[in-house]
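Asks: model this:
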Amino acid sequence: MSRIGRMPIAVPAGVTVTISEDNLVTVKGPKGELSEKVNKDIKVALEDGVIHVTRPSDDKPHRSMHGLYRALIHNMVVGVTEGFKKTLVMEGVGYRAQVDGKALTLNVGYSHPVVFNPPEGITYEAPAATTIVVKGIDKQVVGEMAAEIRAIRKPEPYLGKGIRYENEHIRRKEGKAGKK
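Replies: Residues are numbered from 1 along each chain as shown. Presented below is the predicted three-dimensional model:
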């Protein structure tokens, strides 16, 4: 049995979960609404404020989907109650970020500023000139937008310049060896 898949998901107060006939799970909460289409073989049941995800057999596809759909549903519940956020840090001379309305503008050493317009449900914050916070209720979209921002200027191993995640450790390389 899947260690992740067999864990029940507690539904907090203020969150409503509906499971339709075609296995469409919809979660509504204070921060918004998310829905996910679950495979027809996986059974999702809501009993007494707790969601249980079960599989029909121990076949390889059923085992792999069991934990996956349990994690996706859990992320939806956490997203509509607390939300998700990713923090990015910029290092480099003249690197800075600012939020203009909803758009994020980055100056990262190119001849032009790079502008990011957020998709629906995503907000950007720049608490400091070199810090970017991506917030939203959908964990997948938050992670994807943070990865796209990081891809603009990946951290390089010699000087450490670039955009990195807050807790990311960059392995530094030694520079060229000098003459003797």
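Asks: going forward, measure contacts between C-alpha atoms and count neighbours the same way
Replies: Fine.
Asks: Quick check: which ranges of the protein have low pLDDT?
Replies: For the chain, residues meeting the criterion pLDDT under 70 lie at 1-2, 178-180.
Asks: which secondary structure elements does the helix or strand harbouring residue 77 contact?
Replies: Taking DSSP states H and E as the criterion, residue 77 maps to helix 60-81. Other elements packing on helix 60-81 under the criterion 3 or more Cα pairs under 8 Å, 6 or more residues apart in numbering; DSSP states H and E are strand 24-29, strand 32-37, strand 50-54, helix 139-152.
Asks: Now do the buried residues in the shortest one.
Replies: Neighbour counts over strand 50-54 (16 or more other Cα atoms under 10 Å) mark 51, 52, 53, 54 as buried.
Asks: one step back: downstream of the helix holding residue 77, the next helix or strand is which one?
Replies: strand 84-91.
Asks: tell me how far that next one is from the chain's mean position?
Replies: Offset of strand 84-91 from its chain centre (Cα atoms, centre = their mean, to the nearest Å): 12 Å.
Asks: With just CA atoms, put it into PDB.
Replies: Only the C-alpha atoms of strand 84-91 are listed here, as PDB (Å, rounded to 0.1, in the frame of the first residue of the first chain):
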ATOM      1  CA  PHE A  84       1.800  28.600  -1.700                       C
ATOM      2  CA  LYS A  85       4.800  30.900  -2.200                       C
ATOM      3  CA  LYS A  86       8.300  30.600  -3.600                       C
ATOM      4  CA  THR A  87      11.000  33.100  -2.800                       C
ATOM      5  CA  LEU A  88      13.700  34.000  -5.200                       C
ATOM      6  CA  VAL A  89      16.900  35.900  -4.500                       C
ATOM      7  CA  MET A  90      18.900  37.900  -7.000                       C
ATOM      8  CA  GLU A  91      22.700  38.400  -6.700                       C
END
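Asks: relative to helix 60-81, how tilted is that strand?
Replies: Strand 84-91 and helix 60-81 meet at an angle of 80 degrees, taking axes from the mean of the first three to the mean of the last three Cα atoms, to 10 degrees as the criterion.
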